[in-house]
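K.L.:
For reference, the sequence and a predicted model appear below.
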Amino acid sequence: MNHKKLAVAVTAALAMQFGVPAWAEVKIGINVPLTGFAAADGKSALDGAKLAVADANAKGGINGEKIELVIYDDQASPKEAAPAATKLIEKDKVVAGVSGSYSASTRAAAPLFQAAKVPYVVAYSIHPDVTLAGNYVFRTATMGEVQGRAGAKLSSTLGKKNVVLITLKNDFGQALAAGYKEAAPKFGVKIINEYEYGIRDRQFGALISKVKSDNPELIYASGYYFTAGPLVNQLRAAGITVPVIGQEGYDSEKFIEIAGAASEGTLVTTSLDRDSDSPVTQAFLKEFRAATNAGADMVAASTFTATSIAIEGLKKTGGKGGEALRKAIETGTFSTPIGKLTFNDLHEVNKDVQVQIVKGKAFHRHSVISDPVLLAPPTKAK
Amino acid sequence: MEYEISLATTMAISVLFALSLNLITGFCGQISLGHAAFLGVGAYTAGMLAKAGVPFLLTLPLAMLVAGALGVIVGFASLRVRADFLAITTMGVGFLFVGIVRQQDALGGEMGISAIPDSGMSKLVFMLFAVAMAAAAALLSAYVRRCWMGRVFSAIAEDEDTVRVMGIDVPRFKLTAFALGTALAGLAGALYAQHLKFIAPDSFGFIESITVLSMVVVGGIGSVIGVTVSAAVLSVLPSWFQVIGTYKLLVYGGLLFLMMRFSPGGMAALVKRIFHPDRWGAK
Amino acid sequence: MSAQMSPLLSVGAVTVQFDGVTAISDVSFDVNQGELLGLIGPNGAGKTTMLRVITGVVRQTSGSVRLEGRSLEGLPTHLRIRRGLALSQQIVRPFRDMSVIDNVALAAGADKTVSPVKALLHTGRERELKIGRDLLSRLGIERHADESPQIQPMGILKRLELARALALAPKLLLLDEPLAGLNSKEARLLADTITEINRSGTTVVMIEHNLGEVLRICHRLVVLDNGEKIAEGEPEAVMNNATVRAAYLGSGAAAATQATAGDQHAEA
Amino acid sequence: MLRLEGLSCGYGLFRAVSELDLNVPRGTITGLIGPNGAGKSSTLMCIAGHVDLQAGQVMFDEHDIGGLPATERVRRGIAIAPEGRRLFKDLSVEDNLRVGGMIHKADLFKADLEYVLSLFPRLGERLGSLAATLSGGEQQMLSIGRALMARPKLIMIDELSLGLMPKMVDLCYDALLRLKQDGMTILLVEQNTDRVLSVADQVCVLESGRTVWSGTAADARKDPELAAAYLGLR
Amino acid sequence: MLFVELIAQGLIQGSIYALIALGLTLVYGLLRILHVAHAAFFTLGGYIGVMVANQTGSLAAAIVAAMIIAGIGGILVFRLCYQPILHQPPFVPLIASIGLYIAAEELFRIIFGPSGLSYKYAFLQDQVVLFGFLRFKLAEIAVMLGSAVIIGVLSLLQTRTRIGVACQATVSDPQMAESFGISLQKVGDINFFVGSALAAFAGVMVSVLNNMVEPTMGSVPSYKALAIIVLGGLGSVRGTLAAALVLGVVESFGTIYLGHYLDRNAIAFAFLILVLMWRPQGLFART
């Protein structure tokens, strides 16, 4: 794997040095966190993107031209993402960009793609500002606030009234909490307490003692699998048996592996439905496992989706980027592993929220939240 | 050209930032493991002001003022604790800054501040402006070295008790070093905010503090030229290292270690050793 | 002229305790204008502590220190120095990153280092370098001016330490064992230099173990033992004092000392 | 037993002692005297292996030990009671003595401890106390005792009487004489010249890193010039 | 009741901190180096623990293997990395150590992958109820008891054995210790071995608690442990122990009652700064 990555990067660098003509291949750029604290998600994202490119190339590429993925590590940091984006645009002359990274780095990169008029498809970073950068930026993920609202609805569907929020203190967690708090009153859900934790925290003993004394009916806990795994495990170990609702950050087999038996019954609002009938979804799940020998997670599915959308758009324009590509993506309907997607005027996706439950050491469909009003992403008007 | 311009801007800001720490640590001998906090103070001050409609050029002195004022407060800590204790105290200041900003909704909390209004300068002009600021900081550093303040600083760095019995008000000079250094860091922060147009608490954390300290130490602590060169090189190293992709931090960390292990005086000493081998051969 | 009347430095009933242990107990003495006073006593008698009380490094538990009639109470070290004290430390501590002359020039620039603003606004130091060179040549080490202190033998460093203190143009020069580590010839030469400094108007208080030189050059002695003042007065009288001899010299050597001391003093 | 030949030593570029010659015969007490900063302590620390030997030789038992690390020198039979005593302050008196005997087997400890306690009965009462809590005199006893635990052939003692009450000084000097009777060789640095001359077989006067006089204690007393310049005035 | 629970949780966290910080103190006491890379042995311990346990099915084997390998690694770091730069100004070993830590963290990621590893078997995951209301995971009890036992045994060894006394003497005055035949290098070896082994033990225990090891798991301990040894008065073993437990409890209460104002790190460091301004030598330093 790493050698392949190295080879790609070296080729990219050499191509840059010796000025290989740009028409030989269609270049798509991607920024992912390959080093630093977010490296695990970066790897998933990159695997997803590579799979999308490999799929497309196997089917003949774009007008017979091969697609090349130019990969830069952004360490999930704005400081690294900005030069990476500039380099993609200017040196590598990519026709489209994909963000396989977190919000901080994506927010730094998006205005640069916008300014250069290079369409930029954002996979899973959920900060509202991302698409506000302009009309060349698209997002395939459900925004944090939207998912939070879905979480509130799910809580009431489960018939639970008194909820404790355990919020990951970063933009992802805060956006989720904001959405949840916004929608909770509508569904008669009462937030009896909220706690915050940091992304490096793995020990939640003190927090859990307090949660226990709050005696909630349900816990809405934001996080990534690496924080949620220990959190859910420790919640259960402390004898707290009430349902836990998580989000797409949980959506990885690693979550089940880490939380172990404690993960059983955890609910997750996400974009990927493993029990979907959709052939696209099933094909993706199968191919991903074949390519990486691991189960796909939400990050991989989203980045696969984002990359595929860029490729689909390019197919329509015959490999041309710029405004043509923007329009093609804007107006297209895309069949993806996370459902049929269209973009609204702010280039956010309209889609249902999937609820998955951990059952028998795997994610399975629990329900689908389909509520166009509640789940409406922000539009230009708003 | 945009890419080169962007890199050059990054370099200039890093040089400015590293020189600001060099004033405190290199010249005056007060180690700081939390210097990124002042970059952050400058960036947030400038960012908030710009969003409030204050013109870019006016945000700069204000950012310097706020950062410098906070710097003096932290400087008071240096009067109370020394050496390793000071290192850890300043590290704590860094964590405290990030921790506080995180919880301030007014400062964008965890989400940070984005869409900072443009300076109105073109990228090229902004780059030239940043380079000019870095050059000014380098000149200031060189001047401080040569004036009486620099002499007092290096004496304090070596033996502050003896400086005291020479009738010199050590605390005031230390505070001055902190004020100057942190104000320059504030300026770097203001430029940083304008360059990236997006700031978030994590950009000013421990890692950034360590990075800037390593720039100073690798350059050769106290050496203006050495620090300038090392900050310029180290700041774009990760971008150059894109070629080695996933190995880049490994190489970065390794280089840092090897530099200290085999040339503890940093690049300045390394260069000296290469060009004046006899001077070292004697030892 | 009135300064001649009142003492330059007046130490009044100073007591110092560290963690309940009394290091100095109720010691009083005056230093007159123009005097060369020797502060002597066996190791551990409290001499260096006394010096530290005067410079403000150590705070006395009770008692007072006055310079030119003004109390130094509560003043930090650097302000006491600015009032006219200067200290030459026992263990020489030159700034090793600076040349010999730079060390002295830094001290000579007291008016430029009085505040950070002044220090920032001044670069030139021709005057200070000149003062430095004059002092170095007065102390006979001008040929080492541009060398690093790191390679200098003790004799040079002792003189550098003294030059640095003199560069502050003090009214009262405090010397902590200036002759320690020097051989008899060097010690004699430096002692002569100290006399000369004193003659040219600087009042000197000197802690010194080299009794030969102390007796030769000091005008007056204060003797401490176990933190208490046990004698004060003309050198000869002090050295003949039975208490001093018992506590300080050891019984056997006293006779020999007495004779020698007498000789030395007569010589001077 | 110990012979220094043209010994020069110091720290880095600084030279504390120049070309010192000194012979310490077996079973004697040799006094090393001179003013502050004359290089006496540096000489002892150089023999112990802590100050850089810059030139010359340190011969011990007819072997040149100048290049050996400090850890090896104590095994050859040189122990030191250094300036300022430098006890292990956080350790008990007993543990300080234990460290002193570290190079020997544990089962020798008891016998050696008894010997030290017979010299300094006072330490026996304080075995469990932390070294930091001892009085000055007790600390000096412990410092000497610690050195003796190494079963040395030569013991070097720096500033034996410094800061001690006269009674304590007497006790320590009595112990020295007993050690000499027991066959120990002693190299003593002392400011209290009178005391040294009362016990030493020979003395060496250092000044500014050089030997200015050496000979028997009796001769030293007789030499009026020496007495005037270096001894009597102490 | 909540009060007691919070204290108990604070002590669990504190004993993990103590295990890690203890090694740092041993190194600082001897060499005066802020050994940031120490946290790499915590991570290394976690990885070895998971791998050996998954291979052998025995947690005991995993702990022993982790401690021994990390201990040997510690000796190597001492000899190859620190010994040559001991005489440099303090920031030189500090930066070297930071470089070393960054490189180590990356090495873990490259070798073991970025997403971390988990145990195949459920070790110590059972629950224990004490006094009717205090509920712990077995692993939590094991951490507390394990730390107490290890630290107790260590302090016994330190005071009751010749080697322990020799180590203490060396920390107190390295030169004099050498003068009595104690080799600085050997004591350094022992300190690095013991310190790194303790960190590895903590790493295994934390990996069991979280059922996860990841390349970045040492990053919080890397600076938190520095804060603790400073709080404890730099180089004082007892001070470090006390500071670790105090900090654990402060964080435990802080995250609950101050969590909305400051995050966990900020709470810890705010506490540190307050203490240092009040006592610049740390909480438990000897005067």
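P.N.:
That came through, no problem.

K.L.:
Give me the neighbour count for the residue of the stretch 151-287 of chain E found nearest chain B.
P.N.:
At 2.3 Å from chain B, E:Ala266 is the closest residue in the stretch 151-287 of chain E, using CB to the nearest CB. For the C-beta atoms, the positions are set from N, CA and C on the backbone; glycine is no exception. Using other CB atoms under 10 Å in any protein chain shown as the criterion, E:Ala266 is surrounded by 24 other residues.

K.L.:
where's the residue nearest to it when sequence neighbours are not counted, which helix or strand?
P.N.:
By the measure of CB to CB, 6 or more residues apart in numbering or on different chains, the closest residue to E:Ala266 outside its immediate chain neighbours is B:Gly99, 2.3 Å from it. When secondary structure is defined by DSSP states H and E, B:Gly99 falls within helix B:83-103.

K.L.:
buried stuff in that helix?
P.N.:
Using 16 or more other CB atoms under 10 Å in any protein chain shown as the burial criterion, the residues of helix B:83-103 that qualify are B:84-103.

K.L.:
coming back round to it: is it true that the residue of the stretch 151-287 of chain E closest to chain B touches B:Gly94?
P.N.:
No: taking contact to mean CB atoms under 8 Å, the distance of 9.8 Å between E:Ala266 and B:Gly94 leaves them out of contact.

K.L.:
is chain D contacted by stretch C:222-242?
P.N.:
No: no part of stretch C:222-242 sits near chain D under the criterion CB under 8 Å from any CB of the partner chain; the closest distance found is 9.3 Å.

K.L.:
Please list the outside residues in contact with that stretch.
P.N.:
C:16, C:22-29, C:37-42, C:44-47, C:49-50, C:214-215, C:218-221, C:243-245, C:247-248, C:257-258, C:261-262, C:265 (CB atoms under 8 Å, 6 or more residues apart in numbering or on different chains).

K.L.:
if we can go back for a sec, do you know the pLDDT at the residue nearest to E:Ala266?
P.N.:
Model confidence at B:Gly99, given as pLDDT, is 90.

K.L.:
Kindly report the same for B:Thr176.
P.N.:
The confidence metric pLDDT takes the value 95 at B:Thr176.

K.L.:
what do you get for A:Val137?
P.N.:
The confidence metric pLDDT takes the value 94 at A:Val137.

K.L.:
do the one 4 residues further on as well
P.N.:
Each residue has a pLDDT score; the one for A:Ala141 is 87.

K.L.:
for chain C, where's the lowest mean pLDDT among helices and strands?
P.N.:
Averaged element by element with mean pLDDT, DSSP states H and E, chain C has its least confident helix or strand at helix C:251-267 (a mean of 39).

K.L.:
hang on, the earlier thing: the residue of the stretch 151-287 of chain E closest to chain B: what's it in contact with?
P.N.:
Applying CB under 8 Å, 6+ apart, we find E:Ala266 in contact with B:Phe95, B:Leu96, B:Val98, B:Gly99, B:Ile100, B:Arg102.

K.L.:
Could you tell me how many residues sit around whichever residue of chain A sits closest to chain C?
P.N.:
Nearest residue of chain A to chain C (CB to the nearest CB) works out as A:Lys79 at 32.7 Å. Counted with other CB under 10 Å, residues neighbouring A:Lys79 total 23.

K.L.:
In space, what's closest to it - neighbours in sequence excluded?
P.N.:
Excluding the flanking residues, the one nearest A:Lys79 by CB to CB, 6+ apart is B:Ser203, at 6.1 Å.

K.L.:
correct me, but that neighbour touches B:Gly47?
P.N.:
No: B:Ser203 is beyond contact range of B:Gly47, at 11.3 Å (criterion: CB under 8 Å).

K.L.:
which regions of the chain lie under the pLDDT threshold?
P.N.:
Since you didn't name a chain, this refers to chain A. In the predicted model of chain A, residues A:1-24, A:381-382 satisfy pLDDT under 70.

K.L.:
look at chain B instead
P.N.:
Along chain B, the model assigns pLDDT under 70 to residues B:242-245, B:276-283.

K.L.:
let's see 80
P.N.:
Where chain B drops to pLDDT under 80, the residues are B:1-2, B:82-83, B:110-111, B:238-248, B:267, B:270, B:272-283.

K.L.:
I am finished for the moment; much appreciated.
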